[in-house]
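Novice: My questions concern the predicted model and sequence given below.
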Amino acid sequence: MLLGLSTGNAVGLALIAGAFVVFALLSALVIPRRWPQYPGRGLGWFIAGTLVLFVATLGAVEVFARETEPSEEHAVGETTTETGGTTTGETTTGEAQPPPPPAASEGDATAGKALFTSQGCGGCHAFSAAGTNASVGPNLDEALQGKDAEFVRESIVEPNKEITSGYAPNIMPQDFGQKLSQKQLDDLVAFLLQNQ
């Protein structure tokens, strides 16, 4: 940690911590040899001095070893790259931000219907457009009323983020975000929203 500090901060922290260490060594090894009764009647002063040095050391760590926080401008993706019309932001720490969810119109609803069937969605959800009436998961005719593409996409890739009342978490598979391509997700979202 000391290597990452500026010289002034490292010196300040070392001085405060050093004073505490010297006090502790003197109190434990040197003074008791000369005055075996130490701290004796001065116990209150000894405890007060110890507490002051302890708090000063903690304060020095807070003041001198504080990490500088990046400004919000830099933390929230100052660097962006354009690829195929989709903007992907990256923070200055190198973490990639997920692309914004596309609008439902970007997907093919017909392909989405085939995907709904092939992925077994109808085995859990009732959805009149697909001709399914299962009740393991929410009835999509009701649950998706008034919802937008972002909500539908999030419900597919992060199904536990918002759970419909009356249903338990972890019923829906958690891996559709990895199993399905962006195109497949677009198609599925388009199919689900087209029929609302």
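Specialist: Yes, it's here. Numbering: from 1, shown residues only.

Novice: Please enumerate the helices of this protein.
Specialist: 7-25, 31-34, 43-64, 72-75, 109-118, 140-143, 149-157, 176-179, 182-194 (DSSP state H).

Novice: mean pLDDT lowest for which of those?
Specialist: Mean pLDDT per stretch puts helix 72-75 lowest among these, at a mean of 46.

Novice: Give me the distance between the most far-flung residue of the chain relative to its centre and A190.
Specialist: For the chain, the residue at maximal distance from the C-alpha centroid (C-alpha atoms, centre = their mean) is R34, at 56.6 Å. The gap separating R34 from A190 is 86 Å, by C-beta to C-beta, to the nearest Å. From N, CA and C alone the C-beta is placed, and that goes for glycine too.

Novice: Which residues are in contact with the closest residue to G12 other than its chain neighbours?
Specialist: Excluding the flanking residues, the one nearest G12 by C-beta to C-beta, 6 or more residues apart in numbering is F64, at 4.7 Å. F64 makes contacts with 5, 9-10, 12-13, 16, as judged by C-beta atoms under 8 Å, 6 or more residues apart in numbering.

Novice: before we move on, the earlier item: name the stretch among the helices of the chain that sits most buried.
Specialist: Comparing the helices of the chain by mean neighbour count (mean count of other C-beta atoms under 10 Å), helix 182-194 comes out on top with a mean of 22.

Novice: hang on, the earlier thing: and the residue nearest to G12, how far from L13?
Specialist: Distance, F64 to L13, by C-beta to C-beta: 4 Å.

Novice: mind listing what F46 touches?
Specialist: Taking C-beta under 8 Å, 6+ apart, we find F46 in contact with 27, 39.

Novice: now A60, nearest residue through space, not along the chain?
Specialist: The shortest distance from A60 to any non-neighbouring residue, by C-beta to C-beta, 6+ apart, is to I16 (3.8 Å).
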